[in-house]
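In: Just a sequence and a predicted model for now, questions to come.
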Amino acid sequence: MLKSTLEYIKYIRRLGETLFQLLSEALGLQEDHLGSIGCAKGCSIVCHYYPACPQPELTLGVRKHADPGILALLLQNEISGLQVLHEGQWFDVQPIRGGLVVNIGDLLQIMSNDKLKSVKHRVADNHVGRRISVPCFFEGHATFLDKPFGPIKELISEANPPRYKEFRLREYIARFLSSSLDQNKDSNSSLIAK
Ligand SMILES: O=C(O)CCC(=O)C(=O)O
Ligand SMILES: [Fe+2]
């Protein structure tokens, strides 16, 4: 079990590195840009367990939110529940055996100056069976905490001015943790938008 978990972490980190290369290219940056500043570092794995619920219409597994970090790669079992918000409507993300869900987080939205958008999502409960999901959150290298953080300079121009103030991640996390659930239910990037 431990061995397979460690193997999983090894592969998911490798996948993260590849995705950060592709995202760098998609942003028009050098292929190694996001990797070289430490985006593929500092990943944490979480395991969620949602038991079958007798009255799913009365509750939610996880309320609406955007992930606060950079990127999340999510593995889920065959029981659906994850929903994403698109143009004001909730859509089910049907589990695909062996497939992973890739979610942009708020920090990547900020770094990309809104070129990439974090996705609002939630988890609906169900009475069909127990749901298990295993997200891996990329939150950046520990050195991110005390360096100035904001939109990537190469993506800023007169025509595309920064939409976010520069800030320290340590303060952003403190603000996020101390703001009420209602305040940060939608998006954490709004905490530092210009
Ligand atoms: O269980 C899921 O599918 C999503 C969980 C989630 O959104 C989170 O941990 O941030
Ligand atoms: Fe999430």
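Out: Cool, got the structure. Ligands and ions are numbered 1, 2, ... in the order given.
In: Next, residue 82: phi, psi?
Out: phi -70, psi 130 (degrees, to the nearest 10).
In: right, and it touches residue 121 too?
Out: Yes. Look at residue 82 against residue 121 with CB atoms under 8 Å: they come within range, at 6.3 Å. From N, CA and C alone the C-beta is placed, and that goes for glycine too.
In: Identify the contacts common to those two.
Out: Residues touching both residue 82 and residue 121 (CB atoms under 8 Å, 6 or more residues apart in numbering) are residue 93.
In: which residues of the chain fall in strands?
Out: In the chain, the strands defined using DSSP state E lie at 43-45, 48-50, 60-65, 71-76, 82-86, 89-92, 100-104, 121-124, 131-138, 148-149, 167-168.
In: Strand partners (parallel or antiparallel) of the last one?
Out: For strand 167-168, the paired strands and their directions (DSSP bridges) read strand 148-149 (antiparallel).
In: who touches the partner strand?
Out: Against strand 148-149 from outside (CB under 8 Å, 6+ apart): 107, 110, 111, 166, 167, 168, 169, 172.
In: List the buried residues in the helix or strand of the chain with the lowest mean pLDDT.
Out: Ranked by mean pLDDT, DSSP states H and E, the weakest helix or strand in the chain is helix 169-178, scoring a mean of 84. Neighbour-count burial for helix 169-178, counted by 16 or more other CB atoms under 10 Å, picks out 169, 172.
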